[in-house]
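Undergrad: What follows is a predicted structure for the sequence shown.
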Amino acid sequence: MKARVLSLLTAGAVMTGLLTGCSGGTKNVEASGEAGKGYQKIELVMAVNGTDIQIDSRVADKFAELVEEASDGNVTIAVYPNDQLAGGNSTKGIEMIAGGGVDLAAYATCVMAVIDEQLSVATIPWIFDDYQHAREIIDNTGGEYYAERLEAKGITYLGSFHNGFRQITNSKREVRTPEDVKRLKIRVPGSEVYMKFFKTLGADPVAMSWSEVFTAIQQGTIDGQENGICITESAKMDEIQDYLTLWNYTYENDLFVANTEIWESLEQKTRDLLQEKAKEACEWGRDTVEQEEADIVEEFRSEGMTVTELTEEELDAFKEEISGVKQEFIEKYGEKACEAFRIESK
C-alpha cells in the first residue's frame, strides 16, 4: 500500500522546488502504519489557487483541521495556497493534480476547464436562481456529471463549494443597463463564457492573472473586474473601485478533488474519512460564503462604495441582450451536460 509522507528531507526538497520555480509534490513512499483510531499515519499534499484568506484556502484549512482531529493526528493535510507548488501557475497546478504531483486540490471550474472545457458548463449566465438552487442541482445530477468527466482525466471528485455568484465592479460609472457596460475594460479569468458575455455587451474583456488585477486597476490599465463578493473583498477591490453592481450573472464553484491513483492507493478507512470530511468542509465553505456576503456588501456601502442591486426588470434587459450567446453555449455544451444542470434552451 502506498502512502505519501513528508519527511524533513522531502520538505526541504519541496522548498527548493519552490525557490527554483520547479513543480512537484512529495514522491517518497512508506508502508502505512496503524495507530490511534486505526488510521494509517500519512500526510497528504493539497494545492489551492487562492490566497490564504480566500475561500478555497479556508475550505482546505478547514478540511485539514477536521481530518487531523477525527484521525487523532494520524492523517494530516499540508495545504499550499497560491499554487505555490506550481510556481503560481494554475494551469500547471491542474496538470499536477491530474498527474499525481499533488494528492488533493480545489480549483474553480473555469480553471479546471483547461483539462476539459465541459467542466465549466455551470458558468453559463443566469442558470441558477440562487445558492440553494445551485446546491440542489450540483449535489445530485451536476455532481455526477463532474465525477464522470473528471474520472476520465485520472481525477476523483469529492465535492463542490461556492466560489460565488459573480458581480461586477468598476471605477467609471454605475452599471444599471447594458449600455453602461459598453467600452468598460473588465478583467475576466479567460474563460470563453466570460469573454463572450462581456464582448456581447460591448465591453472590452481582458484576460489577466488575478495577481496583476489590483495594480492594473490602480494604473488605469483596466476599469474593473468581475468576481464573487468574498473574493472582491479579500482582494481589497473596494479600496480602488467606486461601483459595484449585484447581478449574479454567473455562478462559479470550486471542485474538491483527488488524484485517482493516489486516492485508490489509500486504505479504505482513510478514503472514507477523507470523503466524509471533504463533504463537511465543502458544506462549511458554502455556508460561510452565503453568510459573509451580505455583511460584506453592507461594509462596502458604509465605506462609500456605490452598490447597485438590479431589479428583475433591469436584469431582463441584460438577459435579453445576451440570449443569443447563451443559446450558443447551451448548444456547445450539449444535451447531456445541460440535462445534468437542468439548463433549458429558450
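TA: Happy to help now that I have it.
Undergrad: which ones are touching Asn248?
TA: Residues near Asn248 by Cβ atoms under 8 Å, 6 or more residues apart in numbering: 126, 128, 130, 165-167. For the C-beta atoms, the positions are set from N, CA and C on the backbone; glycine is no exception.
Undergrad: From Lys326, how far off is Leu315?
TA: With the distance defined as Cβ to Cβ, to the nearest Å, Leu315 ends up 13 Å from Lys326.
Undergrad: Would you mind telling me which of these two has the busier surroundings?
TA: Lys326 (22 against 15; other Cβ atoms under 10 Å).
Undergrad: SS state for that one?
TA: Three-state call for Lys326 (DSSP: H, G, I helix; E, B strand; the rest coil): helix.
Undergrad: hang on, isn't it packed against Pro125?
TA: Yes: assessed by Cβ atoms under 8 Å, Lys326 is found in contact with Pro125 at 5.7 Å.
Undergrad: Common neighbours of those two, please.
TA: Looking at what touches both Lys326 and Pro125 (by Cβ under 8 Å, 6+ apart), the common residues are Lys319.
Undergrad: Relative to Tyr145, which of the contacts of Asn248 is nearest.
TA: Within those, the smallest distance to Tyr145 is 14.8 Å, found for Phe128 (Cβ to Cβ).
Undergrad: Next up, the contacts around the closest one.
TA: By Cβ under 8 Å, 6+ apart, the residues touching Phe128 are 122, 134, 137, 165, 248, 251.
Undergrad: now, the most widely separated pair of those residues?
TA: Every pair in those was compared (Cβ to Cβ); the two farthest apart turn out to be Ile137 and Asn248, at 15.2 Å.
Undergrad: coming back round to it: give me the buried subset of the contacts of Asn248.
TA: Among these, the ones that count as buried by 16 or more other Cβ atoms under 10 Å are 126, 128, 165-167.
Undergrad: for those residues, which one is nearest Arg271?
TA: Proximity to Arg271 was ranked across these by Cβ to Cβ; first place goes to Phe128, at 30.6 Å.
Undergrad: Doesn't that closest one lie inside a helix?
TA: No: the secondary structure assignment for Phe128 gives coil rather than a helix, going by three-state DSSP.
Undergrad: and it, how far is that from Leu244?
TA: 20 Å.
Undergrad: Neighbours of the nearest residue to Asn74 once chain neighbours are set aside, how many?
TA: Once flanking residues are discounted, Asn74 sits nearest to Tyr39: 4.2 Å by Cβ to Cβ, 6 or more residues apart in numbering. Neighbouring residues of Tyr39 were enumerated by other Cβ under 10 Å; the total is 21.
Undergrad: beta partners of Tyr39?
TA: Each beta-bridge partner of Tyr39 is listed here, defined by DSSP bridges: Ala35.
Undergrad: Just to check, it is in contact with Gly73?
TA: No: at 9.2 Å, Tyr39 and Gly73 do not qualify as touching, with contact defined as Cβ under 8 Å.
Undergrad: The host helix or strand of Val257 pairs with which strands, parallel or anti?
TA: Taking DSSP states H and E as the criterion, the element that holds Val257 is strand 243-259. Strand 243-259 pairs in its sheet with strand 104-108 (antiparallel), strand 155-170 (antiparallel), strand 306-309 (parallel), by DSSP bridges.
Undergrad: I'd like the average pLDDT over the first one.
TA: Spelled out, that is strand 104-108. With pLDDT averaged residue by residue, strand 104-108 scores 97.
Undergrad: After that strand, heading C-terminal, what element do we hit next?
TA: The element immediately downstream of strand 104-108 (helix or strand, assigned by DSSP H and E) is helix 109-112.
Undergrad: who's in contact with that next one?
TA: Contact partners of helix 109-112, identified using Cβ under 8 Å, 6+ apart, comprise 49, 90-91, 93-94, 119-120, 122-123, 189-191, 193-194, 252-255.
Undergrad: Give me the buried entries from the residues you listed.
TA: When burial is judged by neighbour count using 16+ other Cβ under 10 Å, the buried members of the contacts of helix 109-112 are 49, 90, 93-94, 119-120, 122-123, 189-191, 193-194, 252-255.
Undergrad: before we move on, back to that, quick one: buried residues of the strand holding Val257?
TA: Within strand 243-259, the residues that qualify as buried by neighbour count (16+ other Cβ under 10 Å) are 243-245, 247-259.
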